[in-house]
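S.K.: my questions are about this predicted structure, shown below with the sequence.
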Amino acid sequence: MPLRLMAESRCTVRLFVAVLVLSLGGTLLLGIDSYRFHTVPEHRLVQRMTIIVVPMLQSTVVIAIAPLLQAYRMLAGRGRAGAGRSRRR
């Protein structure tokens with residue numbers, strides 16, 4: 001397997017794990033907040049910011065990953081100028 005495919009495969013796995021952790025963390029926080037809302041009367045008197053903040057942070061992180069990934073690929077590609085190009089006609 002070429003080095004470039006191995007690097008992309010590792011990057012894909014890292015992204016998948018990051019999104020999976022982010023999703024599970026958000027689901028856990030929303031579950032805890034909903035449980036407390038239904039079982040703790042004092043919790044009902046407080047504004048529930050978890051419902052707004054968690055999805056906003058998840059979206060921000062996912063959107064921020066895209067430019068970082070693009071910058072990484074551009075920098076990694078400079079070191080291998082001409083790699084993968086064939087001169088045959």
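M.R.: Received it, and whenever you're ready, just let me know what you need. Numbers count the residues shown, from 1 in each chain.

S.K.: shaky segments in this structure?
M.R.: 1, 3-5, 7, 78-89 (pLDDT under 70).

S.K.: contacting residues for the most centrally placed residue in the chain?
M.R.: Residue closest to the mean C-alpha point of the chain, counted by C-alpha atoms, centre = their mean, is residue 19 at 3.9 Å. Shown in contact with residue 19 (C-beta atoms under 8 Å, 6 or more residues apart in numbering): residue 62. C-beta coordinates here come from the backbone N, C-alpha and C atoms, glycine included.

S.K.: next SSE after the helix or strand hosting it?
M.R.: Using DSSP states H and E, residue 19 sits within helix 3-39. Going down the chain from helix 3-39, the next helix or strand is helix 50-78, by DSSP H and E.

S.K.: and that following helix, what other elements does it pack with?
M.R.: In terms of contacts (3 or more C-beta pairs under 8 Å, 6 or more residues apart in numbering; DSSP states H and E), helix 50-78 is packed against helix 3-39.

S.K.: in the helix it packs on, what's buried?
M.R.: Of all the residues in helix 3-39, those buried under the rule 16 or more other C-beta atoms under 10 Å are 22, 26, 29, 33.

S.K.: residues in contact with the third one?
M.R.: Neighbouring residues of residue 29 by C-beta under 8 Å, 6+ apart: 50, 54.

S.K.: for it, give its distance to residue 2.
M.R.: Computed as C-beta to C-beta, to the nearest Å, the residue 29 to residue 2 distance reads 41 Å.

S.K.: ditto for residue 75
M.R.: Residue 75 is 19 Å from residue 2, by C-beta to C-beta.

S.K.: ok, residue 9 next?
M.R.: Residue 9 sits 10 Å away from residue 2, taking C-beta to C-beta as the criterion.
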